[in-house]
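**Q** Sharing a model that was predicted from the sequence below.
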Amino acid sequence: DIRFKVKIEDTALQTDFLHRWTKLTLDQVIAGWAIERHLELSCRDGHHSAVHAVPLLTSLLEESNSIPHPGVRKLESSGIVRSRNLATIAYQTLETAILAPIYKEAGSLPKGFLERYVKIVRKLQESSKAVRFKWRKGEHGDRRASIIRLHDGGDLEDLPIDCPEYAISCIVPGWQKDEQTKVSRPNIPQMFRSVSVQRDEQEVLRGKGMETSPFAFRRSFAFVFLVKRNARCLFTYNWDGSLFDKTRSLFENEDTSFLRSMNAACYRLQRRVLSMLSPKMVTSTQSTAVASAGRSDNVGPGKQVAALSRLSRPIRQPKLIGKSIEGAAAAALAASRARASFKGNPVASSPPQKSRSRA
């Protein structure tokens, strides 16, 4: 049981702001300690612990991001993806948008980094299994990601009726020696290299092994990448600011380009099946050009621009009886009175006859 007691002396400042600042500081410290402790425990059992450790790590990162914590950041994108393409977009985004900037910033990563630190969990309904991805050639010559189970090496396939979810985690521990992992520690830029200690406490910690065991005070590096059919989300922990900015740009571009290519493939399939009944596809560049050309005054009769759109359908517009609301109301009232008088007294509706005078 850990308790904190904060005593605030008499001051001219408002104690409400001091209490909120103290609570924010303690929340950030506790969140950082909980994340580091959880990363330490989850690295002991390898891929098998990722099935149970990744959901808890995701909840910790999400709660820390809402505090907010300076070392935890979040990227998110939305868009519907078919279940057959879910593994492909997960593997492609992992390599192109997440691991590529890490490789570039670190200079070179040790051999076996991907197999050692990156863990993939596939969740389908209530079943979760540790898997790995492997590139293969698709039916149309494109690259497709195949799903392989870790425990027996069997292949898995995402069916169109399935709704799988992928959780990709990477944990680079800071407390382990290189002799323990048998893999040289990658030089990845981090926001916090080690635990910050005040100067008056450094002398005490030097006697307790701060100089002999500096790895015990180093911080970890981690991320969790969640892939669903309707959203992709990336949580980062202890990432350098420049590394996060590069990853954000690549992440958004990769997700947008994949969704655009998938929509184009769906459109080609629709055109092949429905032929002329399928509406024409309008790209963002074409729609912008057509809109700008329509607003231009320099377009003459010989330079008419036709916009690509859906099949034209007649639009029925209401017929107004007057030029204004008052006029329409008055005309409608007069018409209703005429109909009522015609139904009640048909003779009254006929024009009056002139009487003949007798000589």
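**A** Everything's here; your move.

**Q** can you give me the mean pLDDT across the helix or strand residue 87 falls within?
**A** Using DSSP states H and E, residue 87 falls within helix 86-93. Throughout helix 86-93, pLDDT has a mean value of 92.

**Q** what are the C-alpha coordinates of it, in CSV please?
**A** Only the C-alpha atoms of helix 86-93 are listed here, as CSV (Å, rounded to 0.1, in the frame of the first residue of the first chain):
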residue,chain,number,x,y,z
LEU,A,86,-6.8,-6.5,-43.0
ALA,A,87,-3.6,-8.5,-42.6
THR,A,88,-2.1,-6.8,-45.6
ILE,A,89,-2.7,-3.3,-44.5
ALA,A,90,-1.5,-4.2,-41.0
TYR,A,91,1.8,-5.6,-42.3
GLN,A,92,2.3,-2.9,-44.9
THR,A,93,1.7,-0.1,-42.4
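
**Q** In terms of secondary structure, what does that helix contact?
**A** strand 127-137, strand 143-149, strand 165-172, strand 221-227, helix 241-274 (3 or more Cβ pairs under 8 Å, 6 or more residues apart in numbering; DSSP states H and E). Glycine gets a C-beta too; all of them are placed from N, C-alpha and C.

**Q** what helices or strands is the helix or strand hosting residue 22 leaning on?
**A** Element membership of residue 22, judged by DSSP H and E, is helix 15-42. With contacts defined as 3+ Cβ pairs under 8 Å, 6+ apart, helix 15-42 has these neighbours: helix 47-66.

**Q** What pairs with the helix or strand that comes right after the helix it packs on, parallel or antiparallel?
**A** Note on helix 47-66: by DSSP H and E, the next helix or strand toward the C-terminus is strand 72-78. Partner strands and pairing direction for strand 72-78 (DSSP bridges) are strand 231-237 (antiparallel).

**Q** Go through stretch 140-152 and flag the buried ones.
**A** Of all the residues in stretch 140-152, those buried under the rule 16 or more other Cβ atoms under 10 Å are 144-147, 150.

**Q** got the end-to-end distance for it?
**A** 29 Å (Cα to Cα, to the nearest Å).

**Q** circling back: among the helices and strands packed on helix 86-93, which comes closest to residue 13?
**A** helix 241-274 (30.7 Å; Cβ to Cβ).

**Q** before we move on, the earlier item: from the helices and strands packed on helix 86-93, which stretch is densest packed?
**A** Counting by mean count of other Cβ atoms under 10 Å, strand 221-227 has the highest mean neighbour count of the helices and strands packed on helix 86-93, with a mean of 24.

**Q** neighbouring contacts of that one?
**A** The contact list for strand 221-227 (Cβ atoms under 8 Å, 6 or more residues apart in numbering) reads 35, 39, 54, 57-58, 61, 86, 89-90, 93-94, 98, 165-172, 174, 188, 190, 232-239.

**Q** Give me the spatial nearest neighbour of residue 138, chain neighbours excluded.
**A** residue 144 (4.0 Å; Cβ to Cβ, 6 or more residues apart in numbering).

**Q** per-residue pLDDT, that neighbour?
**A** 88.

**Q** Could you measure from it over to residue 84?
**A** As judged by Cβ to Cβ, to the nearest Å, residue 144 and residue 84 stand 9 Å apart.

**Q** what do you get for residue 267?
**A** For residue 267 relative to residue 84 (Cβ to Cβ), the value is 17 Å.

**Q** Let me see the contact set for the residue nearest to residue 75 when sequence neighbours are not counted.
**A** Leaving aside its sequence neighbours, residue 75 sits nearest to residue 234 (Cβ to Cβ, 6+ apart; 4.2 Å). Counting by Cβ under 8 Å, 6+ apart, residue 234 touches 74-76, 98, 223-226, 247, 251.
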